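> Would you be able to build a 3D model of this:
(chains A and B)
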Amino acid sequence: MSVEIELQESMNYTPIQRMRHSAAHVMAEAIQEIFPDARFAIGPAIEDGFYYDFDLPRPLTPDDLPEIEQRMRCIIAARHPFQHDRWPREQALEYFHTKGQDYKVEIIENLSDAEVGIYQQGNFLDLCRGPHVGNTDEIGPIKLMRVAGAYWRGDEHRPMLQRIYGTAWFTQEEMDQYLWRLEEAQKRDHRKLGRELKLFTFSDDVCAGVPQFYPRGETLRHLMESYVRETQERYGYQHVWTSNIGKVRLYKTSKHWYTYRENMFPVMKGDQEASDDDAYVLKPMNCPHHILLFKSQMHSYRELPIRYAESDTLYRYEKTGTLTGLARVRSLTQDDAHVFMRPDQIQEEFNRSVNLTLEVFETYGLQDYWIRLSLRDPQKKAEYVGSDEVWEIAEATLREAVESKGIQYEEGIGEAAFYGPKLDFMVRDALGREWQCSTIQLDFVQPMNFELEYIGEDGQPHRPVMLHRAVTGATERFMAMLIEHFAGAFPVWLAPVQAMIIPIADRHQDYAYKVLEQLKTAGIRAEVDIRGERMNAKIRDAQMQKIPYMLVVGDKEATAEAVSVRLRTNVDLKSLPLTQFIERVSGIASSKSLEL
RNA sequence: GCCGAAGUAGCUCAGUGGUAGAGCAACGGUUUUGUAAACCGUCGGUCGUCAGUUCAAUCCUGACCUUCGGCUCCA
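Sure thing, here's the model as predicted:
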């Protein structure tokens, strides 16, 4: 987000945002007291709080926060009024230049107004459009959360500034509630649950960002992927399999090489005499491979659309600093598909993709997502391939398709893929970070790169249009989201272990295994807990593993061919005939119900 | 990749310039249990890796690996 936009948006601050923005200024004053040579960048209100970016003579550490916070409290208690003024542009430039405030000077230079806003509280004077609260004592409880690095203007080629994030609320109750919410969110963190529920792990001896899945995690992956596969087939997709490696020249043809070569895992250069173009890399994306499948045969207009789907693992060398549990990995399994179609089929194929995605979201009970229409940044045309004309057609077509479908969306300028605009489904994780999952991309460019053709009704070759789409995106990232969405308590159809059989005493083990056999025969994933623990301990452990059903078996159950059913919701269903339990679970699992 | 923090037993963590501890887990024994942790005992760590400083390094310094919080990026 540009500084200009932030400053403009600040005009529309809500009361709490205004207070948070004022808190940022107070923090800046505290910093000025500690570091008289500090240079100030920007300090807006954000969701739940505020931040301010500083250029300081030394790095901040978390140990600095208490002192800054203490000084802020003093400033707040000193009841300084926020004084607003408007200075002529030249005066402001002169002032900030004299003060060595280069960042402020740069901001003013980018403003076209004749006058600029100035706010002062206590000894701190800042360039700012405001608005602010009237007096520092109107600022509620504050807490500084963390220090972080941030590039000036978000540009990695510009200086790295130090950012302090803080939170501010009108009342202590709201603050406490917010901190409690953060704690609760941390309990859902998929990295923590992934270890506790024995789903996956990472090893320093493999590769950063490459998860290793335990049996329970693999079961979960497999169920997720099977579900998408079945659904896709119902929607008319055909599955293909392409390799895990490809030659550099393939990705040069698709132009991916020129944008992403730094992110491709090199494998080897085969023959010493071979050219660089013949070197191998691990497959970073499927599109060129699917395109080869299409291109290697003649196609009639009657065959279209052709929908090739593939769910396999791609490798991308993501920068180390970007890796985050399963949410950002270097080995990602995309439920990818490429549709080759006639131009007149775009609308229908788009609808088909959207419907497929929404159906899957519905099954998972996902509601906390939003949709972004990702467009090209017209200021940075060089970063995209394809002519203006093609882009205009693609963007207009996609926008028209979204609107005719009646979908609510927000536009994301500069969020397009390098070959075309897309529709992205954005989901939030437990800690409020947003991740792109599903995506639908319209592409007129790759068919040109590969000179794709089909034979039309007129007997002449025509160029097809492509649709790239992923339903859940990457299995890994979607799993991260599901773990957090369900807090590890997966619906029955997804639970790696659906039932834990708990024999009360050793003499009940035979019956427990008999129950296990019958459950397995019925396709229910179950285990017997034969450890020498007491029943209470076994129940506790199954509960902590979020296993949907705990089946306690003792003398009564053995004689009655029954199981005593306890749900992970603490509900006790008492003794049920085994056949009745099997019927119940089978029904819930096959309907993918979220009930127990 | 950049800024900052961190890495001690399988997990959660304590600790010190003189080669380390707790709880849980695991294992062994006792107990044979009716809906969220029985009791006793045992094992377990070249303190992330490699160099350097030092009589002596888990502790200090450097590089690297990995993780965490952000920034940038995400076909």
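> what's the burial count for A:I407?
13 (other C-beta atoms under 10 Å). C-beta coordinates here come from the backbone N, C-alpha and C atoms, glycine included.
> Specify the local secondary structure of the residue in the stretch 301-450 of chain A positioned nearest to RNA strand B.
The minimum distance from the stretch 301-450 of chain A to RNA strand B, using C-beta to the nearest atom of the strand, falls at A:G321 (2.1 Å). Reduced to three states with DSSP: H, G, I helix; E, B strand; the rest coil, the structure at A:G321 is helix.
> likewise A:K574?
Here A:K574 is strand, with the state taken from three-state DSSP.
> May I have the beta-bridge partners of it?
With DSSP bridges as the criterion, A:K574 is bridged to A:V565.
> Report pLDDT for A:S10.
Looking at A:S10, its pLDDT is 49.
> what's the neighbour count on A:I501?
The local packing of A:I501 (other C-beta under 10 Å) involves 26 other residues.
> Test my guess that it contacts A:I530.
No. In this structure, A:I501 is not within contact of A:I530 by C-beta atoms under 8 Å, at 9.2 Å.
> tell me, what's touching those two both at once?
A:A512 (C-beta atoms under 8 Å, 6 or more residues apart in numbering).
> in the stretch 351-500 of chain A, which spans are helices?
For the stretch 351-500 of chain A, the helices defined by DSSP state H, counting those that start in this stretch cover A:388-405, A:446-449, A:475-485.
> Pick the most buried one from those helices.
helix A:475-485 (a mean of 25; mean count of other C-beta atoms under 10 Å).
> which residues sit against that one?
Applying C-beta under 8 Å, 6+ apart, the contact partners of helix A:475-485 are A:188-190, A:193-194, A:197, A:199, A:211, A:217, A:220-221, A:224-225, A:311, A:325-329, A:331-335, A:364-366, A:368, A:427, A:429-430, A:435, A:437, A:472, A:490, A:494.
> and A:E67, what does it touch?
A:E67 neighbours (C-beta under 8 Å, 6+ apart): A:I34.
> and after the worst-scoring helix or strand of chain A on mean pLDDT, which helix or strand comes next?
Lowest on mean pLDDT, DSSP states H and E among the helices and strands of chain A sits helix A:3-10, with a mean of 43. Moving toward the C-terminus from helix A:3-10, the next helix or strand (DSSP states H and E) is helix A:15-34.
> Could you confirm whether that next one reaches RNA strand B?
No. Counting by C-beta under 7 Å from any atom of the strand, RNA strand B has no neighbours in helix A:15-34; the shortest distance is 14.6 Å.
> for the record, mean pLDDT for that helix?
The predicted model assigns helix A:15-34 a mean pLDDT of 96.
> could I get it in CSV with only the CA atoms?
Extracted C-alpha coordinates of helix A:15-34, given in CSV (Å, rounded to 0.1, in the frame of the first residue of the first chain):
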residue,chain,number,x,y,z
PRO,A,15,-13.0,6.6,16.4
ILE,A,16,-10.9,3.6,17.5
GLN,A,17,-8.6,3.9,14.4
ARG,A,18,-8.1,7.6,15.2
MET,A,19,-7.1,6.7,18.7
ARG,A,20,-4.7,4.0,17.5
HIS,A,21,-3.2,6.4,15.0
SER,A,22,-2.7,8.9,17.9
ALA,A,23,-1.1,6.1,19.9
ALA,A,24,1.4,5.7,17.0
HIS,A,25,2.3,9.3,17.3
VAL,A,26,2.8,9.0,21.0
MET,A,27,5.1,6.0,20.4
ALA,A,28,7.0,8.1,18.0
GLU,A,29,7.4,10.8,20.7
ALA,A,30,8.7,8.2,23.1
ILE,A,31,11.2,7.0,20.4
GLN,A,32,12.3,10.6,19.9
GLU,A,33,13.0,10.9,23.6
ILE,A,34,15.2,7.8,23.6
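> List the contacts of the following helix or strand past it.
Scanning forward in sequence from helix A:15-34 by DSSP H and E, the next helix or strand is strand A:39-40. With C-beta under 8 Å, 6+ apart as the test, strand A:39-40 has contacts from A:28, A:31-32, A:52-56, A:100-104, A:126.
> of all those, which two lie farthest apart?
Among the contacts of strand A:39-40, the pair separated by the greatest distance (C-beta to C-beta) is A:Y52 and A:G100, at 17.4 Å.
> more neighbours, those two?
For the pair A:Y52 and A:G100, the greater number of neighbours falls to A:Y52 (25 against 11), based on other C-beta under 10 Å.
> Just list what the one helix or strand A:Q580 maps to packs against, helices and strands only.
Counting by DSSP H and E, the element that carries A:Q580 is helix A:578-590. Judged by 3 or more C-beta pairs under 8 Å, 6 or more residues apart in numbering; DSSP states H and E, helix A:578-590 is in contact with helix A:509-521, strand A:549-553, strand A:562-567.
> Select, out of the ones you listed, the one closest to RNA strand B.
Between RNA strand B and the helices and strands packed on helix A:578-590, the tightest spacing by C-beta to the nearest atom of the strand is seen for strand A:562-567, at 2.8 Å.
> and the closest one, what's its mean pLDDT?
98.
> Just give the number of residues close to A:I440.
By other C-beta under 10 Å, 27 other residues sit near A:I440.
> from the helices and strands packed on helix A:578-590, which stretch is densest packed?
Most buried of these, by mean neighbour count (mean count of other C-beta under 10 Å): strand A:549-553, with a mean of 25.
> and after that one, which helix or strand comes next?
With DSSP H and E, the next secondary element past strand A:549-553 is helix A:555-560.
> Can you give me the buried ones in the helix holding A:Q580?
If you call a residue buried by 16 or more other C-beta atoms under 10 Å, then helix A:578-590 has these buried ones: A:L578, A:F581, A:I582, A:R584, A:V585, A:I588, A:A589.
> Given the helix or strand where A:Y119 lies, what are its sheet partners and their directions?
In the assignment (DSSP H and E), A:Y119 maps to strand A:115-121. Strand pairing for strand A:115-121, determined by DSSP bridges: strand A:83-88 (antiparallel), strand A:124-127 (antiparallel).
> Output the shortest one as PDB, restricted to C-alpha atoms.
Provided in PDB are the C-alpha atoms of strand A:124-127 (Å, rounded to 0.1, in the frame of the first residue of the first chain):
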ATOM      1  CA  PHE A 124       6.700  15.700  18.900                       C
ATOM      2  CA  LEU A 125       5.800  17.400  15.600                       C
ATOM      3  CA  ASP A 126       4.800  15.200  12.600                       C
ATOM      4  CA  LEU A 127       3.600  15.500   9.100                       C
END
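> angle of the helix or strand just after that strand against helix A:15-34?
Using DSSP H and E, the helix or strand that follows strand A:124-127 towards the C-terminus is strand A:142-151. For strand A:142-151 against helix A:15-34, the angle by axes from the mean of the first three to the mean of the last three C-alpha atoms, to 10 degrees is 70 degrees.
> And for strand A:142-151, what's in contact with it?
A:23, A:26-27, A:49, A:53, A:60-62, A:64-65, A:68-69, A:72-73, A:76, A:157-168, A:175, A:179.
> Would you mind listing the buried residues in that strand?
A:I142, A:K143, A:L144, A:M145, A:V147, A:A150.
> Ok, stretch A:117-130 next?
Of all the residues in stretch A:117-130, those buried under the rule 16+ other C-beta under 10 Å are A:117-122, A:124-130.
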